[in-house]
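In: this one's structure only:
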């Protein structure tokens, strides 16, 4: 929670970052180096050159022993690996279900203390855009990808209750350079705020099993983080400066425009039916 | 939700403003012209000269066919018409009950998409000043006027559930140039914030049936808008700058000072008994 | 709450029963005679022969002075008068809005202590049949008749908060000789249980402003009366014995069968659109 | 909801029962024949001789096309298939995750209307035995098996929200001939009550996505079904008659006896650590 | 939870009963002998002849070392000692505050596992008789005696959170041979039900820190025990058979009859003001 | 709520400050002189020189008649007296239980209107640091000192319900010059914010019985004051500027570090066991 002073020793000896090569992995990777002596970065795609404090490991999450090897000497994990869009179920199953199980089983066996789990706003994407929810609302996933994130949240709850392995489920909104449409004005999470959410999740003395919506301080809000105030996350950015750069929403849309009707947006339409057509 | 650019087409073709000649109608009337190609303004009192984009119509809400005529070609309505203070019940009945029914029936028949309904904080004015309520608290009207606003909220709920006609019930606090007494420091809604609340209510892609307390960002708060965060309303003003201009409240008033004891203030005393004296 | 002994004096001197000639008025009329020395029975239709303790008064609720006259010497009112089905709004307005206002204004002026107000399950009929609600759920009326009952509930809340005139809002289910279809198996209120609900509402030492769903102990329940346990109502009957006499519901109906989808049943379809056809 | 008369046509044309050969499948199989003209029974173990109205199909849930074939002409499914005890994760993944996905995808494609999904009390088994929960409490699975049931509940929520395919998640307690220990006195679900819970889940006109704890009317209760009262389930049995036949619990156990401390009982200890030993 | 068989060993080796000579102490004393090999009974008044399994100890709760001596070899305590009516504060302070502290401190030091603490409905007696509360409602004591019971509940919460010493706070209604007035018809706890509540509180494997209203299954209910269903208490008796033997309540009492207005009844009037007059 | 103008008469004639010589008493003492013509300051330690408007009285709260004398002519009390750290129970009992009773009894007898009661965050200190609570959460005191503050809150509730004597229970966080460790970054209440909380508590026209967590606008929050928004307290300070001056917390502490696990911090360990060692 506290800022660090130059002279402080780094609080973590080794952090593991999975999915280090993805959109968000690339954003958070440099920050981890400020917080840990060693940062192990992993993905199934190329990760570029390693910094002095980095250990680059190529590992597929569906490979159990590869995941076990990843955990050696790790204090805490930022788990961004897996698939983060709608996909055929067999692919989601390997990456997000089998892979997440491997991650937790290996972390628990290796004595890891905490995992920051990249969950998604799509675990509750079928709530209507006219309802404000908090982190205790029952899940209403909006696609199969969202369903696999519900699995991950349930699995992490189990590993905390059973083994004391802590998790922050970070339900990430839309984390891009800039919002691109009216929905993203609501769900926008700036890169800076994303990194701050990861920092809070790693540095809080205790998190138990916590859930946090990762979203900037936008004008319109669907998600109420009051149960997560113990994590100390304060968004510094907002989508307000981008409002004039985004195509304006059509007011008074009809009830049959379901991508506007539900918080998940077009993900709601991305399910198995669609993939058949 | 997004700000508009000069070059954007106006999102509404025609808005209807009822009660255009009243205190708040005069405030919001100019803004509507920025949002719609045509603005139909209506009242039973004089409305002054019409701007180029305005259609001035004299109509009594208790006249069913006049109200039907008002709705022709209208996308959305800002309904400020009716009586907004305590009055003898027969008058309230004509203006606020029969009139509001005419408005909703005609709007539904004409295919209007949304109504911003000027409800009032007096639908919950009998909550004590020591309790903070949200928009799901059961109604506790503080006068007959407040009871007729409860009718309007229930009617609008019905029109949404049955016909999909959306409504934002805007429970307006005290919207004047400046707060005039200690209670108004709590209930103050600046004109600018009032217009912003109307804008949010009109521009949100979906509102379903929503309730929003219209109140600026005052120091003391009786009303919690967290269920309405999806509307994107953020007060820009506050009564704090006016605090020193208002006669100070007497601290530690007795429990028998019922105008201080209930949120409705002196409205609480304005009921039928009083009118007999 | 207590049973009465033969030798006890009757606890009420005079009760007033409005709507005494209707379906439910005829059921409860004899019971009132056991509880009060005098029973004033009123309606706009014929009421048959008066018993020795009865005062028969023909009065239209929309006639203010007639209603005032009704209240003379009355301790408490069982208000069943008005329209209890969907009807054109002007008729509902006269009977259920203007009439109910007359009733409360006159009762308050005459010093009446309590009113048992025949509200209706149709104030919440737009909740889906898959949701269980309690008496604090926001209203969702399913027809204009239901909207007028929301008015009555709000009005009675005001008269209690302002003047201390107590009310029990009895949200009556389906009170007939026997349930006639699958929905009524859920909403059935036997005549005996209806009378018991009125008795509890009259005899509890204090009721303040209470809401009670009037429903027998049926197998399926949509309404949870736990906030009303202070009234002491215990249903003695159930629709279970009637289950085999009613045409069985079709299981797994489609989402487009809205009369099965909402608690209000066919009332949901009875609104202003329908009346135009 | 209603009892059936001899002369009524059976309300379902074809029901599918998966896991028909298991402990509970054998119990409910005969009842299904009273409710449907055809009953398709399926398992990966022997199912004995088929009754005249039965279609016996051997099918592995992890075989996608086999599951698709199962759905032909089916109105509704009672899905008891899969693994219902703790097991190595790869086995649970095939049976309970991949298999359940196959089931829902095939059911949706085939136009099935409703699924009664055998969920488990182990989705919330990590709540302490000193807390009473309802069906909206966040999941706290007590083993990997429980985690896979959380997946099934989330998946079924998605299929209802996206496609309208209804599900009742039946969180089954301990359904055996008789309770065998002190915990089962709390979690006992008699076979008769189990069948009644399935009947209610199939026959209610609408269920949307509902959750019901399947438990008899035992003395001690950890689970509150009030949100499921619309399903009409009333337990007829209780564990009370078995109390004297079960080894008495030790009162005032220590906090370190975690099998007594959590609702999941010994399942809490059955996780991945244990399976390694 | 389970009934005991003749041949079972008694589950407790030694129980301590304080206040054994009082109204309720005399009722529960014989039952304790069925549950424990030794029963230590204590009071500051005469306790009559000891049964073979009983140890009679005269001890004043405000005497710290006497209380320490009481705890030797004790498994669990039924703490009925202290003052159970309104009294001058210095007396309440000695008996109910200092005495209860002595009891908990000594119990914790001696390794006692559980205390059944005789709390009182008067910790919430200032809730109005028109409101139904559960065991999580904030305290609203109706007299100084009630305030001291709030102290005891808070103290016991501390001893559980800090030391694991379990407590059931039994908020006893009106436990007498028979109800004597209209209020007691609501608050009546038969002696049999009182003993059963103590039995459940002692025998549940885990209770943590639980609160249970001790009340029979009376017609009117102010108290909702749903958070205590894990204790397995089911009232077997009711005040209904006594209804005709009690002076009937006056219906429609005025708001100024505060003994009828609040759940605490005449206790509400018994405070320090009264004692001065 | 309103700022005062130079020319306004002071709203209070006489305020009483107990514990005026303590850490917080010294902070608030000068401010009281701006709000009242006379300020009576009291303690059992030296209070330095009196200002012109001050009346210095030496009084021990456990001395009933001394406390009665203190109340003469007092409008409202800021009660900071008593012990505010863990201490042997007999000392806490005299100062915080007997003393607080004397204070309330004397205030009520003297017609005092309102008391600002210095409660403590330690009344809920046994909530885990991973949970955010509001002012309606049941108490979970973390030490005997906290238990005595629970007594004071219950006592003050009684005096309001019974006699109309208003109280704000100010649950003070950590009010020092600066936070000294990681926990205090969460619980920090600046002196300026402390004085503002007292001002709001004194000046609100009505407070009834209110509870307010006294805490600055720190980054991490355990306490949600939304039920207290009617008091108008807005923190102006934050611990954020101090973050770099405090030894950083160790992230990912173990579950066995109970001073980090519970909100009460080291107070959790300060109980009677500890004092024996």
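Out: Great, that's in hand. All values reported here derive from a predicted model rather than from experimental measurement.
In: Walking through the stretch 101-250 of chain A, point out its strands one by one.
Out: Listed in chain order, the strands of the stretch 101-250 of chain A (DSSP state E, counting those that start in this stretch) span A:114-120, A:133-134, A:166-172, A:209-214, A:223-224.
In: Quickly run through the sheet partners of the third one, with directions.
Out: Think strand A:166-172. Strand pairing for strand A:166-172, determined by DSSP bridges: strand A:114-120 (parallel), strand A:209-214 (parallel).
In: and residue A:79, what are its bridge partners?
Out: Here residue A:79 sits in beta bridges with residue A:18, residue A:117, going by DSSP bridges.
In: what's it in contact with, if anything?
Out: Neighbouring residues of residue A:79 by C-beta atoms under 8 Å, 6 or more residues apart in numbering or on different chains: A:18, A:19, A:100, A:103, A:115, A:116, A:117, A:118. Backbone N, C-alpha and C define where each C-beta goes, glycine included.
In: From chain B, how far off is it?
Out: To chain B, residue A:79 is 29 Å away according to C-beta to the nearest C-beta, to the nearest Å.
In: And the pLDDT for that residue?
Out: What the model reports for residue A:79 is a pLDDT of 98.
In: For it, give its distance to residue A:173.
Out: 18 Å (C-beta to C-beta, to the nearest Å).
In: For the strands paired with strand A:166-172, give me a markdown table that also has mean neighbour count and mean pLDDT.
Out: As requested, the strands paired with strand A:166-172 are exported to a markdown table (neighbours: other C-beta atoms under 10 Å in any protein chain shown; pLDDT from 0 to 100):
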| stretch | mean neighbour count | mean pLDDT |
| --- | --- | --- |
| strand A:114-120 | 26 | 98 |
| strand A:209-214 | 24 | 98 |
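In: can you list the ones you listed in TSV and add distance to residue A:202?
Out: Below are the strands paired with strand A:166-172 laid out as TSV (distance: least, C-beta to C-beta, whole Å):
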stretch	distance to residue A:202
strand A:114-120	6
strand A:209-214	12
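In: how distant is stretch A:247-259 from the center of its chain?
Out: Computed by C-alpha atoms, centre = their mean, to the nearest Å, the chain-centroid distance of stretch A:247-259 equals 28 Å.
In: Buried residues, it. List them.
Out: A:248, A:249, A:251, A:252, A:253, A:258 (16 or more other C-beta atoms under 10 Å in any protein chain shown).
In: who's in contact with the third one?
Out: By that I understand residue A:251. B:11, B:12, B:76, B:114, B:202, B:203, B:204, B:205.
In: Now it. Nearest residue, chain neighbours left out?
Out: Nearest residue to residue A:251 in three dimensions, chain neighbours excluded: residue B:203, at 4.8 Å (C-beta to C-beta, 6 or more residues apart in numbering or on different chains).
In: Per-residue pLDDT of that neighbour, please?
Out: You'll see residue B:203 listed with a pLDDT of 96.
In: Now do it against residue A:121, distance only.
Out: Residue B:203 is 22 Å from residue A:121, by C-beta to C-beta.
In: Then residue A:73?
Out: Here residue A:73 is placed at a distance of 33 Å from residue A:121 (C-beta to C-beta).
In: For those two, indicate the residue with more neighbours.
Out: Legend: neighbour count by other C-beta atoms under 10 Å in any protein chain shown for residue A:73 and residue A:121, higher for residue A:121 (26 against 13).
In: before we move on, back to that, the residue nearest to residue A:251 and chain E, how far apart?
Out: Applying C-beta to the nearest C-beta, the value for residue B:203 to chain E is 41 Å.
In: show me what contacts residue A:123?
Out: Counting by C-beta under 8 Å, 6+ apart, residue A:123 has contacts A:139, A:140, A:141, A:146, A:149, A:150, A:153, A:171, D:154.
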